[in-house]
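*Asks:* Quick one, fold the following:
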Amino acid sequence: AEFECGGYEGMSLRDVVENGAHQGDLLGEYLECACSGVMACSTCHVIISPEWFDRVGHPDDSEQDMLDLAFEPTETSRLGCQVRLSKEL
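*Replies:* Next up is the predicted model:
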């Protein structure tokens, strides 16, 4: 699904769900974060479009360990609590 959301540089997707403008609250219906964003679960698992994955960035080893526990992870999976908005995005 696609959503138009507003956020600030440095915010995670989880932060956008909690504090973002536009459709951030709608995004929250699709993105849960049971661990409050401390990377202790995989409930905020998102799949990044391949054409955006290099710009978003690859997961580090700790995030990849948690993604291994996610439901049907893909090569472009990330945790929403770890994806941060940047000028490049």
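
*Asks:* Please tell me how far the residue most central in space within the chain sits from Ala34.
*Replies:* Central residue of the chain (Cα atoms, centre = their mean): Gly80, 1.8 Å from the mean position. Applying Cβ to Cβ, to the nearest Å, the value for Gly80 to Ala34 is 12 Å. Heads up, the C-betas are built off the backbone N, CA and C, glycines and all.

*Asks:* mind checking the SS state of Ser42?
*Replies:* Under the three-state scheme (DSSP: H, G, I helix; E, B strand; the rest coil), Ser42 adopts coil.

*Asks:* Name the nearest residue to it, ignoring sequence neighbours.
*Replies:* Ala70 (3.7 Å; Cβ to Cβ, 6 or more residues apart in numbering).

*Asks:* ok, how many other residues are close to the one you found?
*Replies:* Using other Cβ atoms under 10 Å, Ala70 is surrounded by 18 other residues.

*Asks:* Ok, the one 4 residues further on next?
*Replies:* Thr74 is surrounded by 13 other residues when neighbours are defined as other Cβ under 10 Å.

*Asks:* quick one, what contacts it?
*Replies:* Ile47 (Cβ atoms under 8 Å, 6 or more residues apart in numbering).

*Asks:* how about the helices of the chain, start to end?
*Replies:* 13-19, 24-27, 50-56, 61-67 (DSSP state H).

*Asks:* Switch those over to a markdown table; also include mean pLDDT.
*Replies:* Output for the helices of the chain, formatted as a markdown table (pLDDT from 0 to 100):
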| stretch | mean pLDDT |
| --- | --- |
| helix 13-19 | 84 |
| helix 24-27 | 60 |
| helix 50-56 | 95 |
| helix 61-67 | 97 |
